[in-house]
Every structure is written in structure tokens, then in C-alpha cells.
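K.L.:
give me a model of this one.
(2 chains)
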Number of protein chains: 2
Amino acid sequence: MVPLNLMGERGHADYALTGNFATKAYEEAQKYGACHVAASSAEENHTYIPPQEALQLDPTASYFHYCANNTIYGTEWQYVPETGSVPLVCDMSSNILSKPIDVSHYGLIYAGAQKNMAPAGVTVVILRRDLVGSARADTPIMLNYATHVKGDSMHNTPPCWCIYILGLVAQWLLDLGGLAEMEKINVQKAALLYDYLDESRLFHGAARPEARSRMNVTFRTGDEALDAQFAKEAAGSGFSNLKGHRLVGGMRASIYNAMPVEGVAALRDFMAAFEKAHI
Amino acid sequence: MVPLNLMGERGHADYALTGNFATKAYEEAQKYGACHVAASSAEENHTYIPPQEALQLDPTASYFHYCANNTIYGTEWQYVPETGSVPLVCDMSSNILSKPIDVSHYGLIYAGAQKNMAPAGVTVVILRRDLVGSARADTPIMLNYATHVKGDSMHNTPPCWCIYILGLVAQWLLDLGGLAEMEKINVQKAALLYDYLDESRLFHGAARPEARSRMNVTFRTGDEALDAQFAKEAAGSGFSNLKGHRLVGGMRASIYNAMPVEGVAALRDFMAAFEKAHI
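P.N.:
Numbering: from 1, shown residues only, chains lettered A, B, ... in the order given. Below is the predicted model:
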């Protein structure tokens, strides 16, 4: 939807390629205008996030697009890119509501609900009003942000159940003390695993320390057979979905908002026991 | 999605305009190709369904599109249009699973889940494989049927909860005896109201008898103030959403699969009591 709406008939846009969905967004956008790779971490298998000074920004771009958290690679942007007057567009699907954000920095934020918000089936979009209304003429009506602004997000029959659950999750976060409190918990959870990984003689983290994600912790032993054995034994002990994405292998612990500190601590203990048995 | 996928780069299509969504589909399709009105009931406020012999069909059309049940007007196609080699495309959002259908007559069937299948948020599409793969080059990837065929309907994270409920509803229908049994119940429910309307001295049905919908029964007194009073008193007695759509006024009883016979009988009794008090 972003290219159809924000590039208009003749626009062009900058993309940072830091992972799977960032790259997919870039590929799709090329159908609708000239897209420029402002930065890419592909040459190091997306193990890092390009720093501000590495972004090759076009001051005439319609927007700059990045993906705030890369689930497969376990990296997360630790800063908000500075793009001058070029609207900042961010896919926050996998880290929205994990910490406070200042929406005033952004032209448009979009996020599928299924990580930290609600069951899959609803997408949250936060956008600056002045970016609405310049869509390409052939934009399907349901993909035009103007349709949803005009219809108060009810042009179609909205996915009521998902929205209802999102409301409950938002209330849960407020009761918890808000996003600042949620961030503290997420910092604590991520530290439990990264501190252990930094000391481990068996496991090591896949992402560079300065780019580590608080949502997805990727790690490996360096031995594929041992990785597979770990994932299997972990599954047998109740730790699900630790096998890394087929694109990268290794292991990945997804510790979204819904995962309690106790769950992360239990995984760390399990890893330590596995290490002891295999070193 | 239908025009983007089925008209291709240069196609044209036939549309039957029998209500609100049929007309919206026609308007949207005009962005992507030449669309021809094969039939319209607009001149009589959509109170009837054009018969087969009234359809002005173009044998070179990419497809013929119609909406099987028109919720606002309370009409329903009582026959499957015969279109020769032109693929039949049908919006069955508001009557799918209300009766058996022979899918072999159709090129493509689509239906939003929210009436007879599951909570809003998932759409079911049944299409002939030979119609997949001819989308316009600029079709957004998520709107290309080929994407979903290739990805086994899981290219994106699917709306799992809605699909799960759809599975439970399908099992409920099977336990009930299947769609043939569901149809018997729906015939019985609709007859309870239409038989009463045909005898009533206060209320009369809005749709022509030969086009009456089994899902949405539209009726009125002919007196707007009395209509409003009825809807209000009915709501007070637990009969919700009887006020007709703002486009047509009057009343509308939606009696989808989930409404039991007892609920329809109770409404008929309430209508009869209201009639007695106002005649």
C-alpha cells in the first residue's frame, strides 16, 4: 500500500534492506516507481543495522522505508533514522508496543498485529494526514489510505474480533504501567539471553551486539547437527519454535511481549544445561 | 481482485447490477477495463432479479459478475445464470453455506466470512485453476490469486482465529446433516415471515415474491413513522437491527444460518401483535 499511496504517479523512494520483509517491500515497490537502495546489510547476511552515516539518502525521495525489527536475523534498529524532510516510513510489525515510540518522527508506521498486538488479521497504520490523498489513480479502493481515513477504518466490515483483542491487549499494557514498563521487562528478558550467550562456550549470538533485537534472539553452536539436536531436545522440554528460519538456520528465540521473564529464564537454564552436557 | 486478475491487460466484463455491492463491484472494476451493464434492477429500486432472458450477455467478456444475495434490498438470485463459455463470477458473501451449490457452474466464487461462516476478517475464494495466472503486471502481490494458490493460502500470516472458527462452523453444518439440511431450515425460517407478510394488513414485503431472499427479509408498513415505531419497540423487546438500511428505509430481518427457527417465529409473533395493536 505504501508505494501505491506515497509515490503517486511519478515518485521514487529509498529503501534500507536489512532483512526479509525489508527486501520484500523493496521488490514489491519497484512495480510502482523507481526505488533506490539507501543501505543494505545483505553482504554480511543481515547481521547488522547500517548506521545513520551509512544511509545514502535521496533528499527528493517520496519516502524512506525501513523495517524496525528483522525477525529472521534477530536485528533491530537502535536509532530512528534522520531523513530531513523526506517522510520516514516504518514497518513495525515485530516490535510495535515493545517500547515507547515518538510517532511524530514518522510519516507512516504500519504493523501487522500478530506479534505484539492481537491475532493475525488486522494491521495498524499510523500516518500523517498530509500523506493521504495522493494515491495513483488505479489504486484499488481497499488499498487507498484515503478510503480508510474517510470511512473511519470501517469502509469494509472490520475484523471485529482481532480489534476487540487488540483493545484488551492495550488495556493490559496500560495496567502494567504502559510501554515504558513493557520496555523495562523486554530489556530484562533480552539481557537474560544475551548475557548468557556472551559467556557461553557452546552458543554464540548471530547478530552483532550493537544490532541485537529484543524480540528475536538468534544464536547457534556453529555445528548444524548440534543445532538440530538442541532444537529437538528443547521442543521435547516444552520450548517451541526454537529452530531458526530456513533462510539462516541456527536457532531463534522469539520473546515478544507475551513471553514472561520466567519463560526466558527457563530457556536460559535449559541452554546452560545443554552446554554442560556437550562441552 | 476479480478485475485485476481476470480482465488481464485488455479485458472487458459484464456486470449485473442488482444491489449495493453488485454496483460497487462494477464501479471499482471500471478502473481496470471496459465494463458493461448486462442487467440492472436499479429502475425499480432493486426489488427484483432480472431473469435469464433479460441478461444482455457479451460472449467475448472476460467474465460475468453478479451478487447472489442483496442484503439491503432483500433479493436473491433463484437461478444460476447461463453464460456459455464466459466464466461466471459470483459474490456469495451473504448466502454462502445457506444451501448446496454446484461449484462446477462457476469460474470464481468469493465470499466474506462475516454472514454465514466466521467472524469478519477472512474471505473464501473458490476458483478454476485455469483462471489463475493472467493478472495485470502491476497487480499488488497480495491481490494476485496466483500468490495465494502458490502459497497454499499462507503467503501472508493468515487470520488463524477466523479460519479456526470457520472450521468449527463447517463441522456444525456437517453435524446438522450438511447444506441440504441447512437449506430446509432456511426455507422454513423464510416461509414463517413471508407467509405472514402475504397475509398481513399492516406490513408488506419490499421485494417481489419471485426474488425474495431467504437471508434478508425486507418489509414496511408504508408509513415511515410507524416503521420507526416498530423498529424501536422491537429493539425494546430484544429484536435487534430490524431498522432497514439507510438507503431504503423500512425494516429488514436478517435471518442467516445462525438464527434459529424459534427466533424467527418469535419475530413473526411480535409483528402480529404489533399489527393487532395498530390496525
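
K.L.:
going forward, measure contacts and count neighbours with C-alpha atoms only.
P.N.:
Will do.

K.L.:
run through who's touching stretch A:162-175.
P.N.:
With contacts defined as CA atoms under 8 Å, 6 or more residues apart in numbering or on different chains, stretch A:162-175 is touched by A:A113, A:M117, A:A118, A:P119, A:A120, A:G121, A:V122, A:L179, A:M182.

K.L.:
strands along chain A, start to end?
P.N.:
A:12-17, A:34-40, A:64-67, A:69-70, A:75-76, A:88-91, A:108-112, A:123-127, A:204-205, A:216-220, A:251-254 (DSSP state E).

K.L.:
let's have the ones you listed in CSV, adding mean neighbour count.
P.N.:
Converted to CSV, these look like this (neighbours: other CA atoms under 10 Å in any protein chain shown):
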stretch, mean neighbour count
strand A:12-17, 25
strand A:34-40, 19
strand A:64-67, 27
strand A:69-70, 28
strand A:75-76, 27
strand A:88-91, 22
strand A:108-112, 21
strand A:123-127, 15
strand A:204-205, 20
strand A:216-220, 25
strand A:251-254, 24
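
K.L.:
for B:H46, find the nearest of these.
P.N.:
B:H46 lies closest, by CA to CA, to one member of the strands of chain A: strand A:123-127, at 35.3 Å.

K.L.:
what helices or strands is the closest one leaning on?
P.N.:
With contacts defined as 3 or more CA pairs under 8 Å, 6 or more residues apart in numbering or on different chains; DSSP states H and E, the packing partners of strand A:123-127 are strand A:108-112.

K.L.:
what's in contact with the strand it packs on?
P.N.:
Residues from elsewhere that reach strand A:108-112 (CA under 8 Å, 6+ apart): A:87-94, A:96, A:120-128.

K.L.:
mind running it again at 7 Å?
P.N.:
A:88-93, A:122-128 (CA atoms under 7 Å, 6 or more residues apart in numbering or on different chains).

K.L.:
circling back to that earlier point, most surrounded residue in the contacts of stretch A:162-175?
P.N.:
Highest neighbour count within these, by other CA atoms under 10 Å in any protein chain shown: A:M117, with 29 neighbours.

K.L.:
now do the contacts for the closest residue in space to A:T60 that isn't next to it in sequence.
P.N.:
Spatially, and ignoring its direct neighbours in sequence, A:T60 is nearest to A:V86 (7.2 Å; CA to CA, 6 or more residues apart in numbering or on different chains). Contacts for A:V86 (CA under 7 Å, 6+ apart) come out as A:P59, A:A61, A:S62, A:Y63, A:F64.

K.L.:
closest to B:E76 out of the contacts of strand A:108-112?
P.N.:
Set against B:E76, the nearest of the contacts of strand A:108-112 by CA to CA is A:V122 (31.0 Å).

K.L.:
may I see the ChimeraX selection of the buried members of the contacts of A:V86?
P.N.:
The ChimeraX selection below is limited to those of these classed as buried (16 or more other CA atoms under 10 Å in any protein chain shown):
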select /A:61,62,63,64
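
K.L.:
let's have the contacts of A:V86 in TSV, adding distance to chain B and pLDDT.
P.N.:
Listed next are these as TSV, based on distance: CA to the nearest CA, whole Å; pLDDT from 0 to 100:
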residue	distance to chain B	pLDDT
A:P59	27	96
A:A61	21	96
A:S62	19	97
A:Y63	19	98
A:F64	20	98
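
K.L.:
and the contacts of A:V86, which is closest to B:H36?
P.N.:
A:S62 (37.2 Å).

K.L.:
and that closest one, how far from A:Y15?
P.N.:
According to CA to CA, to the nearest Å, A:S62 and A:Y15 sit 11 Å apart.

K.L.:
cool, and A:Y48?
P.N.:
Distance, A:Y48 to A:Y15, using CA to CA: 16 Å.

K.L.:
now A:A234
P.N.:
A:A234 sits 37 Å away from A:Y15, going by CA to CA.

K.L.:
and A:T83, by the same measure?
P.N.:
For A:T83, the distance to A:Y15 - CA to CA - is 12 Å.

K.L.:
check A:Q188 too.
P.N.:
32 Å.

K.L.:
which parts of the stretch 151-279 of chain A are helices?
P.N.:
A:160-176, A:179-199, A:224-236, A:261-278 (DSSP state H, counting those that start in this stretch).

K.L.:
can you list the buried residues in the first one?
P.N.:
Within helix A:160-176, the residues that qualify as buried by neighbour count (16+ other CA under 10 Å) are A:W161, A:C162, A:I163, A:L166, A:V169, A:A170, A:L173.

K.L.:
would JSON lines of those with pLDDT be doable?
P.N.:
Converted to JSON lines, the buried residues of helix A:160-176 look like this (pLDDT from 0 to 100):
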{"residue": "A:W161", "pLDDT": "95"}
{"residue": "A:C162", "pLDDT": "96"}
{"residue": "A:I163", "pLDDT": "97"}
{"residue": "A:L166", "pLDDT": "98"}
{"residue": "A:V169", "pLDDT": "98"}
{"residue": "A:A170", "pLDDT": "98"}
{"residue": "A:L173", "pLDDT": "98"}
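
K.L.:
which member of those is positioned nearest chain B?
P.N.:
Proximity of the buried residues of helix A:160-176 to chain B (CA to the nearest CA) peaks at A:W161, which lies at 6.8 Å.

K.L.:
once you drop chain neighbours, what's closest to that closest one?
P.N.:
Nearest non-adjacent residue to A:W161, counting by CA to CA, 6+ apart: B:P119, 6.8 Å away.

K.L.:
which residues sit in contact with that neighbour?
P.N.:
Applying CA under 7 Å, 6+ apart, the residues contacting B:P119 are A:W161, B:A113, B:C162.

K.L.:
okay, now the unreliable bits of the stretch 101-250 of chain A?
P.N.:
Within the stretch 101-250 of chain A, no range satisfies pLDDT under 70.

K.L.:
what parts of the stretch 151-279 of chain A come near chain B?
P.N.:
Applying CA under 7 Å from any CA of the partner chain, we find that the stretch 151-279 of chain A lies next to chain B at A:T157, A:P158, A:P159, A:C160, A:W161.

K.L.:
wait, the stretch 1-150 of chain A
P.N.:
A:K31, A:P119, A:A120, A:G121, A:D138.

K.L.:
hmm, which two among these are most spread apart?
P.N.:
Within those, two members stand farthest from each other by CA to CA: A:P119 and A:D138, at 31.0 Å.

K.L.:
next, count neighbours for A:G151.
P.N.:
Neighbours of A:G151 (other CA under 10 Å): 11.

K.L.:
again with A:Y79
P.N.:
A:Y79 has 11 neighbours, counted by other CA under 10 Å.

K.L.:
that one and A:E53, how far apart?
P.N.:
To A:E53, A:Y79 is 12 Å away according to CA to CA.

K.L.:
give me the neighbour count for the nearest residue to A:R10 once chain neighbours are set aside.
P.N.:
Nearest-residue entry for A:R10: A:G33, 6.7 Å, with adjacent residues in sequence omitted and distances by CA to CA, 6+ apart. By other CA under 10 Å, the residues close to A:G33 number 17.

K.L.:
right, and A:G33 touches A:L6 too?
P.N.:
No. Assessed by CA atoms under 7 Å, A:G33 is found out of contact with A:L6, at 10.2 Å.

K.L.:
run through the residues that contact the residue lying closest to A:K243 once chain neighbours are set aside.
P.N.:
Setting aside the residues directly before and after it, A:K243 is nearest to A:M251 in space (CA to CA, 6+ apart), at 4.7 Å. Going by CA under 7 Å, 6+ apart, A:M251 touches A:T218, A:F219, A:R220, A:L242, A:K243, A:G244.
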